Structures are given as C-alpha cells and as structure tokens.
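Novice: A predicted structure for the sequence below; I have some questions about it.
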Amino acid sequence: MTGGAGFIGRCVAKKLLEYNEILVLDNLSNGSLENITEFHGKPAFRFLKGDILDKKLLSDAFKEVDLCIHLAAQVSVQESLDYPERALENNIVGTYNVLEACRRNDVKIVLVGTCLIYDFTLSKPINEKHPIRPRSPYAGSKAAAEEMTFSYYHGYGLPVIITRPFNTYGPYQKSNMEGGVVSIFIRRYLDGENLLIYGDGEQTRDLLYVEDCADFIIKAAFCEDAVGKVINGGTGKDISINDLALMICKDETRIKHIPHHHPQSEIRKLVCDYSQAEKLLGWKPETPLEEGIRRTVQWMKNEGIR
C-alpha cells in the first residue's frame, strides 16, 4: 500500500491487518509514523519509508506483493494551485511509476481517486457517468492518473480498479489547512475560536466517515467484478457548510464568513450516488454524520489536538 501512513491509509492498513500481511510505503510528507505506531511489532506489518518517485525502490518492493492500494498523492487543492508541479510529479509521474512496478510484477492496483474531478451539478446525486471538469491542478492530475491507469488495463490487461471516495473525515485527519473541513471546524470549536467559512457557506459536501471509506476501498480491492470500473463511495446525503458549522458549534456568533481563497475551484454541490458500490460490492455507509462527528470530537479531545 502506498500512502499507508496517511489519514485514510492508516485506517485501510488497520482493517487489512486483520486478515492480510501488508507492506506500507510512505515518504511521510503527508502521513506520519505516529499514525502507524500501533502496527509496529505485528508480524504481518512492514513499513518502508520511500517515495513513489523512486523507481528502483518501487521495483524492488513490488516483487513481494500481489495487490497495491495506491493512496500516495499530493492532496491539497490550495497547494496544487500554489505549486502545480508537485501535483504533476506526485499524482501523474508517481502514479506512472507505481503502474510500471505493478505491470512488471503482475500486481493488481486499486487507485484511490477523488470526487473533486466531477463537474458542477445542480440537484442530482453524482454517479460514475457524470461528466468531469477538474478545477485545480490537484483534480486535473488525479483525473490524468485515472486515465493513465485505465490505459494499463486496456493496453496491458493489468487488473485495475478506480475508487472515488467523496469528502472523507474522521480521527487522524489533519486539522490545519491541509485537513478537511470537519476536522478544521472541530479544532477551532475546541480551541474557542471562530469557525471560518469561505464564501456564502451554501456549498454542500457528502461527508463519508473514514472507517466507511476504508471498508469501501477494501471491498473494491477484493471484488473481481470491480476490475476495469470506476466506483463512487459516499453517503448519498449532502450538507451545507453553514449547517455543518452549526452542527459542530451551535453558537452562530462564532461562525464567520470570509472571502473564498480559491473560488474558481469550488464545487457548489457534492452528493454521491453510491448505487454501483452497493450493487457490485455489497457496500453502503454505516456511520451517520452526527455519530461520525461525535467520534471525531472525542478522538481530538483524547489526543489533545488543539
């Protein structure tokens, strides 16, 4: 697994360790050793610090595996706007390197994509046939990585699966500007600070709890009928950022609106149609938003994250 020391990766790793041996490769630029400390010492777990831009390292590491869950990526929209070459290098060149290692060693690959490649939608839940229109170098590079991955499926017969989780949140997510809106709001709420909303706050998100996301990715990875397909994972329900802030804080005086820092990349409405995941994988989300937020608040309190 690449990127296995990150937010989603460590949750996937934890679940896989229940019945599989795993090798986690991570350069720790976004993930951290603290995320995977609990796995060290387990015979089924191995960690390799390394970068997906290192072809030799990938070539050697992939001789020992038969499945790759590819999570390593440049993941920040704002960072990609500021430094687009990082998105290109990590998400396109890095994915090419992973694909080559998979091809040369006959390794099945699950590419974890993003819902942010989709075009604006007014009302309908987004299914896998919805048109895409990347609005940032991050989204553009992830879309390119998907196309390249499918080229290996059609050109070489490499077994590939594309998963597109919607906005994922939960314990272990960063709560600075690299994190998600839920963790950022919770940290500011716990710190007694104002919750800052970019723009009018009427943009909506389909918020998927991280354990449900990990189950989605793993079920896709072991489903033969999923090979060669794109599969969405979400809850089928969206919430406005204004309502999310009120759900977390309750005090309207602590909720402030500020100018958007990248309005050109904003998607106004995101809500997932996960019917294909339910049909193919037998998967559906289990964690209501209120419960997921409660667990995340408790984890942040226990960890002293402020």
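Specialist: Noted; the coordinates are in hand.
Novice: so where do the strands sit in the stretch 101-250 of the chain?
Specialist: In the stretch 101-250 of the chain, the strands defined using DSSP state E, counting those that start in this stretch lie at 108-112, 160-165, 167-169, 195-198, 204-205, 207-209, 230-233, 239-240.
Novice: let me know how buried Cys115 is, in neighbour terms.
Specialist: 24 (other Cβ atoms under 10 Å). Just so you know, the C-beta spots here come from the backbone N, C-alpha and C atoms, and that holds for glycine as well.
Novice: grab the nearest non-local neighbour of it.
Specialist: Phe166 (4.5 Å; Cβ to Cβ, 6 or more residues apart in numbering).
Novice: where does the chain dip in pLDDT?
Specialist: 121-123, 177-179, 306 (pLDDT under 70).
Novice: residue furthest from the geometric center of it?
Specialist: Distance to the chain centre peaks in the chain at Thr253, reaching 32.0 Å (criterion: Cα atoms, centre = their mean).
Novice: circling back to that earlier point, want to throw the strands of the stretch 101-250 of the chain into TSV with distance to Phe216?
Specialist: Below are the strands of the stretch 101-250 of the chain laid out as TSV (distance: least, Cβ to Cβ, whole Å):
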stretch	distance to Phe216
strand 108-112	10
strand 160-165	6
strand 167-169	10
strand 195-198	28
strand 204-205	17
strand 207-209	8
strand 230-233	4
strand 239-240	19
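Novice: any chance of those strands in CSV, with distance to Gly6 and mean neighbour count too?
Specialist: As requested, the strands of the stretch 101-250 of the chain are exported to CSV (distance: least, Cβ to Cβ, whole Å; neighbours: other Cβ atoms under 10 Å):
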stretch, distance to Gly6, mean neighbour count
strand 108-112, 10, 24
strand 160-165, 13, 25
strand 167-169, 11, 24
strand 195-198, 24, 19
strand 204-205, 20, 21
strand 207-209, 16, 25
strand 230-233, 17, 24
strand 239-240, 24, 16
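Novice: quick one: Gly3 and Arg10 touch, right?
Specialist: No: in terms of Cβ atoms under 8 Å, Gly3 does not count as a neighbour of Arg10; the distance is 9.5 Å.
Novice: what residues are shared contacts of those two?
Specialist: Gly31 (Cβ atoms under 8 Å, 6 or more residues apart in numbering).
Novice: thinking again about what came up before, closest one to Met300 among the strands of the stretch 101-250 of the chain?
Specialist: strand 167-169 (11.5 Å; Cβ to Cβ).
Novice: so how far is the closest one from its chain's centroid?
Specialist: Mean-position distance between strand 167-169 and its chain equals 7 Å (Cα atoms, centre = their mean, to the nearest Å).
Novice: in its sheet, what does it sit against?
Specialist: Paired with strand 167-169 in the same sheet, following DSSP bridges, are strand 207-209 (parallel).
Novice: which residues sit against the partner strand?
Specialist: So strand 207-209 is contacted by 165-170, 182, 216, 233-235, 239, 244, 272, 285-287, 289, 291-292, 295 (Cβ under 8 Å, 6+ apart).
Novice: shouldn't Glu290 be within a helix?
Specialist: Yes: per DSSP: H, G, I helix; E, B strand; the rest coil, Glu290 lies within a helix segment.
Novice: list the residues that contact the nearest residue to it once chain neighbours are set aside.
Specialist: In space, and not counting its chain neighbours, Glu290 is closest to Met247: 7.2 Å by Cβ to Cβ, 6+ apart. Listed by Cβ under 8 Å, 6+ apart, the contact set of Met247 reads 239, 289-290, 293.
Novice: highest neighbour count among these?
Specialist: Ile293 (21 neighbours).
Novice: which element is it on?
Specialist: helix 289-303 (DSSP states H and E).
Novice: my read: the residue nearest to Cys115 touches Asp212, true?
Specialist: No: between Phe166 and Asp212 there is no contact under Cβ under 8 Å: 10.4 Å.
Novice: picking up where we left off before, out of the strands of the stretch 101-250 of the chain, the one nearest Ser32 is which?
Specialist: Here strand 167-169 is closest among the strands of the stretch 101-250 of the chain (Cβ to Cβ), at 17.3 Å.
Novice: residues in contact with that closest one?
Specialist: Under Cβ under 8 Å, 6+ apart, the answer for strand 167-169 is 7-8, 115, 180-183, 205-210, 213, 270, 292-293, 296.
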